[in-house]
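[1] Next comes the sequence, and after it the predicted model I'd like to discuss.
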Amino acid sequence: MPVGVIDAKPLKKIELLITFDTGEQRVYDVNPLINTLPLFAKLRDINIFNQVYVDKIMDTVAWDENTDICPDSLYNDSVSLS
């Protein structure tokens, strides 16, 4: 079943605290994307990284109209807080 993001908060170390529509909170490390994909390199700037928001149409995190992460990837590649 697909999951959606309902909240996202930037954390230190370029991580996100994400609340999914399942009610789960998980931590997602953005560093692997920043270090391997040029599209995400701009997120090394903490001021840009901290501008993360939830794109309500796509049910995922985004920084601008071209920079987002698939919600299923966010879920599968994150660590549960429980």
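    Yep, it's here.
[2] before we move on, what SS does the residue nearest the centre of the chain have?
    By Cα atoms, centre = their mean, the chain has its centre lying nearest to Val61, at 4.8 Å. Of the three states, Val61 takes strand under DSSP: H, G, I helix; E, B strand; the rest coil.
[3] what does Leu74 give?
    Following three-state DSSP, Leu74 is assigned to helix.
[4] Kindly confirm whether my reading is correct that it touches Tyr28.
    Yes. Between Leu74 and Tyr28 there is a contact under Cβ atoms under 8 Å: 5.2 Å. Every C-beta, even on glycine, is put in place using the N, C-alpha and C of the backbone.
[5] Need the residues touching each of those two.
    16, 18 (Cβ atoms under 8 Å, 6 or more residues apart in numbering).
[6] Residues in contact with stretch 38-49: which ones?
    Applying Cβ under 8 Å, 6+ apart, the external contacts of stretch 38-49 come out as 10, 14, 30, 33-34, 63, 66-67.
[7] List only those of those residues flagged as buried.
    10, 14, 30, 33-34, 63, 67 (16 or more other Cβ atoms under 10 Å).
[8] What is the nearest of these to Leu81?
    Nearest to Leu81 out of those is Pro10 (Cβ to Cβ; 15.8 Å).
[9] Contacts only, for that closest one.
    Residues in contact with Pro10 (Cβ under 8 Å, 6+ apart) are 16-17, 49-50, 52.
[10] backbone phi and psi for Asp59, please?
    Torsion angles at Asp59 (phi, psi; degrees, to the nearest 10) stand at phi 60, psi 50.
[11] Can you select the buried ones among the contacts of Pro10 for me in ChimeraX?
    Restricted to buried positions by 16+ other Cβ under 10 Å, the ChimeraX selection for the contacts of Pro10 reads:
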select :16,49,52
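[12] Please narrow the contacts of Pro10 to those residing in helices.
    Among these, the members falling in helices (DSSP state H) are Phe49.
[13] could you dump the contacts of Pro10 to JSON lines with pLDDT and distance to Leu81?
    Shown next, in JSON lines, are the contacts of Pro10 (pLDDT from 0 to 100; distance: Cβ to Cβ, whole Å):
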{"residue": "Leu16", "pLDDT": "98", "distance to Leu81": "12"}
{"residue": "Leu17", "pLDDT": "98", "distance to Leu81": "8"}
{"residue": "Phe49", "pLDDT": "97", "distance to Leu81": "20"}
{"residue": "Asn50", "pLDDT": "97", "distance to Leu81": "20"}
{"residue": "Val52", "pLDDT": "98", "distance to Leu81": "18"}
